[in-house]
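Undergrad: how would this look folded up:
(2 chains)
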Protein chains: 2
Amino acid sequence: MTPGFNIADYRDLEPSTRVLMGPGPSDVPPRVLRAMAAPTLGHLDPEFLELMSETQALLRAVFKTENALTIPVSGTGSAGMEACFANLVEPGDQVAIVVNGVFGTRMVDCAGRLGAEVISIEAEWGRAVSAEAVEKALAGKQPKIFAFVHAETSTGVLQPVADIVALAKATGALVMMDCVTSLAGVDVALDDWGIDASFSGTQKCLSCPPGLAPLSFNEKAVAKLRGRKDKVPSWYLDLTMVGDYWGASRKYHHTAPINMIYALREALRIILEEGLEARFSRHLLNHNALVAGVEAMGLAMQVPSEERLPTLNLVRIPDGADDLATRKALLTQFGIEIGAGLGPLAGKVWRVGLQGHSATERNVMLFLVGLASVLEKQGVKVRPAEAVGAAQAVYRAAR
Amino acid sequence: MTPGFNIADYRDLEPSTRVLMGPGPSDVPPRVLRAMAAPTLGHLDPEFLELMSETQALLRAVFKTENALTIPVSGTGSAGMEACFANLVEPGDQVAIVVNGVFGTRMVDCAGRLGAEVISIEAEWGRAVSAEAVEKALAGKQPKIFAFVHAETSTGVLQPVADIVALAKATGALVMMDCVTSLAGVDVALDDWGIDASFSGTQKCLSCPPGLAPLSFNEKAVAKLRGRKDKVPSWYLDLTMVGDYWGASRKYHHTAPINMIYALREALRIILEEGLEARFSRHLLNHNALVAGVEAMGLAMQVPSEERLPTLNLVRIPDGADDLATRKALLTQFGIEIGAGLGPLAGKVWRVGLQGHSATERNVMLFLVGLASVLEKQGVKVRPAEAVGAAQAVYRAAR
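TA: Modelled structure (predicted):
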């Protein structure tokens, strides 16, 4: 034991109750926390196997897919990304990746480590990639995989899907989509959109604690996996084995994170009780109110209105405001967590999440009032009354 | 939505309360379940960063190490194995691995996928590997890594460490140890034993739900990692980046599984409140009582007494007993989960765990009475009264 170590120094856990309005995690409904705390079953217990099947059916409903291989990967959202690439990429495969934010950049890094020959389709951070840019980048190419981020958590951009997926499919590529910050917050429809492989995370619009990565492969993706020359380089994420545990044989691979799966099942139940379309409307309404309030306050949004992601809002830091001090004051005085800018947007924007259980009128109003109060104390000119009025008008119009 | 899908078909979660005496997960103390259900903090919240530091300090105390890089990997125990190999193996590295059970076999598979040239040191399943066998296998070789399983969950063997580690160190190899089923149940002392890299799981003797893999690297292991020619093949498990998040810079890599870390911190507090030596004694006492009861009942243990792992007990299936029917009856009539045999031991043994919160006199007595009752109904001759008496005598002698 380290000299001076005393177990009595480690106090009872008592985290503050936050209002989570950053890029994720979002607030977790008490029902989900209670479900997570149910007694642990064994990973081969017949009762647990039934819960696994139910969780898969619920995930399929939320992904809007019939894909048999639809499972929660035993890791956080980035483990879902890694599982997609590790299972589908063979060394030397050409992989085209749209890069207009941190998470596209991360895909390039991940695919490169697996031996992919990456075609980076670079686009401006804070903007969607255009169909023209994708068409130009893919001209004369036949990549094995085309990967893009549906909802860029670093830039607050929602990528229009139809045109770029059609272009990618015309090259014969498998289409892989990161829907970490869109799933269950804005429309995601894997089968209708022709997405071959996709991954998400539990801690964004699903409003479940972080720890699992929902993933779905269609038959075309499974065929690429089954046709590999060599084994999947990752034992832990090898979906030929993980899929056997989640499939009919229920063959043990690794011990599933039992209680996290309880939590995910409950989060999915809450989502489907609300209804997907109602949930998307709720996210959009709160986004509209937030934007109206921010702009009426005298601040500006970073992303052009037609490309904005309702679940993650980039607010430009006004002249005279102190980035870090503002975020710190919001956290300590109001309990509100928002996110900092990343990469080229660091110090220029705040990232304000409206995800799942956090996307409420109460939170929007609290944020507007809190931000105005903090900025005023820093001597920044803002218009709190106008902000509140503009947001309220959006809610009133929707009633 | 799939035709016929109805969210009302998905009922409130209500798992049965089991007595978890299989190979893991073990029973989780209510304190741990409550801690896990505390409100979710953000992964960069100052309060959470403090909880991370505390969790690391507690983990170091349980691993008996001063290693700075001591963290819970964001995945289940097998993710810890993968993290060790993915970070330390470079393609072409010779890696010597002791194989005398499922988890040694798994190491060979994992290392092979990463391009290692594996030297398998095969030994009988159900026995420890001898120093002589290791010496012979390593003669004239200079492997980069020597890996072994301290507590083989598939065979119930506790591997004596000192001699084989000394032999491995003499070749210049880094020593990697799987302590998934030993940590916090029997003595593990990374620094005193000269272990360079080690991993465990939360769902065995730590009595925390599955979902995290405690891992520790010493400076020699970190030097091998830092000296790699190429990047770590796994983005998700790259400890140069994950270590930055858990280190002084707190640089974001992936969203940590917040609530699972609450649970682990609480499980570690409980362990260190009990005291490690007291905890090892408790495991040994209950193991001795179980063995006394099993043998007095007329059944036999699989592993020779000097090599038995107290936390996982292999009981030979007696003539006339139905393997599956016995396990099913224990589960449905008594709520007791035990494990089946694996590999060459399938159908020949039951695996009875005494891990963490599950290692109690109550559970030992319940198991003995339950097993005897189930076997008697199958017409197998057993001696329940003798079993109870022999186990009670062990407890009495210890008071």
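
Undergrad: was I right about residue A:71 contacting residue A:56?
TA: Yes. At 6.3 Å, residue A:71 counts as touching residue A:56 under the criterion of Cβ atoms under 8 Å. All C-beta atoms are positioned from the backbone trio N, CA, C, and that covers glycine.

Undergrad: who touches both of these two?
TA: residue A:246 (Cβ atoms under 8 Å, 6 or more residues apart in numbering or on different chains).

Undergrad: looking at the two, which is more packed in?
TA: A direct count of neighbours by other Cβ atoms under 10 Å in any protein chain shown for residue A:71 and residue A:56 places residue A:71 higher, at 26 against 21.

Undergrad: okay, now the domains of chain A?
TA: Chain A breaks down into these domains under automatic domain parsing: A:38-273, A:275-398.

Undergrad: what about stretch A:183-200 and chain B, touching?
TA: No. On the criterion Cβ under 8 Å from any Cβ of the partner chain, stretch A:183-200 is out of touch with chain B, staying 10.6 Å away.

Undergrad: and that stretch, how far out from the chain's middle?
TA: 12 Å (Cα atoms, centre = their mean, to the nearest Å).

Undergrad: could I have that stretch exported to CSV, CA atoms only?
TA: Taking Å, rounded to 0.1, in the frame of the first residue of the first chain, the C-alpha atoms of stretch A:183-200 are listed here in CSV:
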residue,chain,number,x,y,z
LEU,A,183,-29.7,8.6,-33.7
ALA,A,184,-33.0,9.1,-31.9
GLY,A,185,-32.6,12.9,-32.2
VAL,A,186,-33.1,13.5,-35.9
ASP,A,187,-34.3,11.1,-38.6
VAL,A,188,-32.0,8.1,-39.2
ALA,A,189,-33.3,5.4,-41.6
LEU,A,190,-30.6,2.8,-42.4
ASP,A,191,-32.7,0.7,-44.8
ASP,A,192,-34.4,3.4,-46.7
TRP,A,193,-31.2,5.3,-47.1
GLY,A,194,-29.2,2.3,-48.2
ILE,A,195,-26.6,2.5,-45.4
ASP,A,196,-24.6,-0.7,-45.2
ALA,A,197,-22.9,-0.2,-41.9
SER,A,198,-23.5,2.3,-39.1
PHE,A,199,-22.6,3.0,-35.5
SER,A,200,-23.8,5.2,-32.7
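
Undergrad: still on that earlier bit, of the domains of chain A, which stretch is the most buried?
TA: domain A:38-273 (a mean of 22; mean count of other Cβ atoms under 10 Å in any protein chain shown).

Undergrad: and that one, how far out from the chain middle?
TA: That offset, for domain A:38-273, works out to 11 Å (Cα atoms, centre = their mean).

Undergrad: what helices or strands is the host helix or strand of residue A:265 leaning on?
TA: Assessed by DSSP states H and E, residue A:265 sits inside helix A:258-274. Using 3 or more Cβ pairs under 8 Å, 6 or more residues apart in numbering or on different chains; DSSP states H and E, the elements in contact with helix A:258-274 are helix A:30-36, helix A:46-63, strand A:69-73, helix B:258-274.

Undergrad: repeat that with 10 Å
TA: Packed against helix A:258-274, as judged by 3 or more Cβ pairs under 10 Å, 6 or more residues apart in numbering or on different chains; DSSP states H and E, are the following elements: helix A:30-36, helix A:46-63, strand A:69-73, helix A:276-297, helix B:30-36, helix B:258-274.

Undergrad: quick one: the second one to helix A:258-274, angle?
TA: Angular relation of helix A:46-63 and helix A:258-274 on a 0 to 180 degree scale: 40 degrees, by axes from the mean of the first three to the mean of the last three Cα atoms, to 10 degrees.

Undergrad: give me the mean pLDDT for helix A:46-63.
TA: The average pLDDT within helix A:46-63 is 98.

Undergrad: before we move on, what about the last one?
TA: What helix B:258-274 shows for mean pLDDT is 98.

Undergrad: export that helix as CSV, just CAs?
TA: Only the C-alpha atoms of helix B:258-274 are listed here, as CSV (Å, rounded to 0.1, in the frame of the first residue of the first chain):
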residue,chain,number,x,y,z
ILE,B,258,-19.1,7.4,-16.4
ASN,B,259,-21.5,5.4,-14.4
MET,B,260,-19.5,2.2,-14.7
ILE,B,261,-16.6,4.1,-13.2
TYR,B,262,-18.8,5.2,-10.3
ALA,B,263,-19.6,1.5,-9.8
LEU,B,264,-15.9,0.5,-9.9
ARG,B,265,-14.9,3.2,-7.5
GLU,B,266,-17.5,2.0,-5.0
ALA,B,267,-16.5,-1.7,-5.5
LEU,B,268,-12.9,-0.7,-4.8
ARG,B,269,-13.8,1.2,-1.7
ILE,B,270,-15.7,-1.8,-0.4
ILE,B,271,-12.7,-4.1,-1.1
LEU,B,272,-10.2,-1.8,0.7
GLU,B,273,-12.5,-1.2,3.6
GLU,B,274,-12.6,-5.0,4.1
